[in-house]
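A.B. asks: Here you go, sequence then predicted model.
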Amino acid sequence: MAATIQKLDMNELRRDLDLCYRVDGTVDLLTYLRGYRSLLRFFRLLGRIFSFVANDMESKILVLENLLNSADGSNYETIHSMIEFETSTGLISDPNAPNPSGSRTLLRLHWAIEFIIAFLEKVKDLADDDKTCPSCQETYKVTLAKHHPWIIQKGALFAMHTLPTTRALVQQTCVQSVDEVRKALPHILDGGKLIYKSVQKLYEEIGRASCRERV
C-alpha cells in the first residue's frame, strides 16, 4: 500500500522561505532544500500529471543533500558559495568529475521554481470555482516546457485537463483552507521571487547556457 503524501503546509513553506534568504543576500542551501521538499509534496499531490517532474526533483534534492554532507560540505552552505567553489575548481564544467556538479543539479530545481511561482501567481487571482487547467497550461508553456522534449510537453498539457477548480486544488494539496492560502500566498510569492531572482542572477553571471547543456 502506497504511503499517504502529507499535504503542503503554507506556514512551514513561508517560514523556510523567510529563513532561506540570508541578511547578506545569499541563499541558504539546506533551508532551500527543506522548502523544496514541501514543494515536492505539492507536485506529487497533483497526481500523475507531474510525477515525472517530482521524480526528477527528488533525485536532484538527494544529490545536493549528499554534497552538503560530503567532505566539501562547507563549500555548499549557500547557493552562492557552491557556485563560487565549483566555478573556481572547474567542477561546474568538468564532465569527468567524480561527483555531480551541484550548480548544474540545482538548475533543474531552479526551472521548476519558476513554474511554481508563475502558476501560483495565476491561481491567486482565480475565483474559487474557476478551473486551474488554463492557467497551468499557460504557465507551463512559458516555463518548464522550454526544457522538456516535445512528447513530454504534449502529454503534460493533455493531462492538465484533469486539474480541478481552485477550491478543489487547495483542498487536495494544502493543509490550510482556501481563505488561509489566499492570505499566505502574497508573502510566499514575494519570498519565492526574491530567491529566484537571486539565483537567476548567479546563473546569468556564470553563463547559464553553458551550464544548461551539461545538465
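C.D. replies: The structure has been received and is ready for your questions.
A.B. asks: In stretch 168-175, which residues are buried?
C.D. replies: Within stretch 168-175, the residues that qualify as buried are L169, V170, T173, C174, counting by 16 or more other C-beta atoms under 10 Å. For glycine as for every other residue, the C-beta is placed from the backbone atoms N, C-alpha and C.
A.B. asks: and if you look at stretch 83-94?
C.D. replies: I83, E84, F85, E86, T87, L91, I92, S93.
A.B. asks: Over to stretch 15-24?
C.D. replies: Residues of stretch 15-24 classed as buried under the neighbour-count rule (16+ other C-beta under 10 Å) are R15, D16, L17, C20, Y21.
A.B. asks: Among those residues, which ones are in helices?
C.D. replies: Taking DSSP state H, the ones among the buried residues of stretch 15-24 that sit in helices are R15, D16, L17, C20.
A.B. asks: Assess the claim that the third one and I195 are in contact.
C.D. replies: Looking back up the chat, that one is L17. Yes. If you go by C-beta atoms under 8 Å, L17 and I195 touch, sitting 6.8 Å apart.
A.B. asks: Which pair of the buried residues of stretch 83-94 spans the longest distance?
C.D. replies: E84 and S93 (14.0 Å; C-beta to C-beta).
A.B. asks: Of all the helix elements in this structure, which one is longest?
C.D. replies: Under DSSP H, the helix in the chain containing the largest number of residues is helix 178-206.
A.B. asks: That helix packs against which elements?
C.D. replies: The contact analysis (3 or more C-beta pairs under 8 Å, 6 or more residues apart in numbering; DSSP states H and E) places helix 178-206 against helix 10-20, helix 79-89, helix 102-124, helix 166-173.
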